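Chemist: Sequence isn't available, so here's the structure alone:
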């Protein structure tokens, strides 16, 4: 029974990771334009829109979506640096939403890597 539950959970995580991965797949402007925010969980769609609006003034969202940054703490430092050194204007709510979206990306990426590297899951 536990084995079936674990297998089902692993499949659910893998399916979610595949959906997000396919939404984020590709590089460059052409692929970025094809990003499917509909593949995101409903709770993250508004956060993605805030991220896209706030961050695309200086760089393309694809730069962030395909970034090798792997931890939430790194993203916090980067967002704070964009505000302090580069003049990004973010309300506290915008910062919270952007970090929520980036946290979601980190967690999804981490789950996808861990599922892919666990044989027999």
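Modeler: Now that the structure is in, tell me what you want to look at. What you are looking at is a predicted structure, and each value in this text was computed from that prediction instead of being measured.
Chemist: Is the closest residue to residue 40 other than its chain neighbours in a helix, a strand, or coil?
Modeler: Spatial nearest neighbour of residue 40, chain neighbours left out: residue 48 (5.8 Å); criterion: C-beta to C-beta, 6 or more residues apart in numbering. Yep, even glycine has a C-beta here, placed from its N, CA and C like the rest. Assigned by DSSP: H, G, I helix; E, B strand; the rest coil, the conformation of residue 48 is helix.
Chemist: tally of neighbours for residue 48?
Modeler: The local packing of residue 48 (other C-beta atoms under 10 Å) involves 21 other residues.
Chemist: Now do the same contact list for it.
Modeler: 37, 40, 101 (C-beta atoms under 8 Å, 6 or more residues apart in numbering).
Chemist: That one and residue 41, how far apart?
Modeler: 10 Å (C-beta to C-beta, to the nearest Å).
Chemist: For the protein, which segments count as helices?
Modeler: Assigned by DSSP state H, the helices in the chain fall at 2-24, 28-33, 42-55, 61-65, 72-84, 92-117.
Chemist: Show me where the chain dips below the pLDDT cut-off.
Modeler: 1-35, 112-114, 116-121 (pLDDT under 70).
Chemist: Kindly provide the distance from the closest residue to residue 58 other than its chain neighbours to residue 79.
Modeler: The shortest distance from residue 58 to any non-neighbouring residue, by C-beta to C-beta, 6+ apart, is to residue 86 (6.7 Å). Distance from residue 86 to residue 79, counting by C-beta to C-beta: 11 Å.
Chemist: Please say which of the two ends up with more neighbours.
Modeler: residue 79 (20 against 9).
Chemist: Surely the more buried one and residue 95 touch.
Modeler: Yes: between residue 79 and residue 95 there is a contact at 6.3 Å, judged by C-beta atoms under 8 Å.
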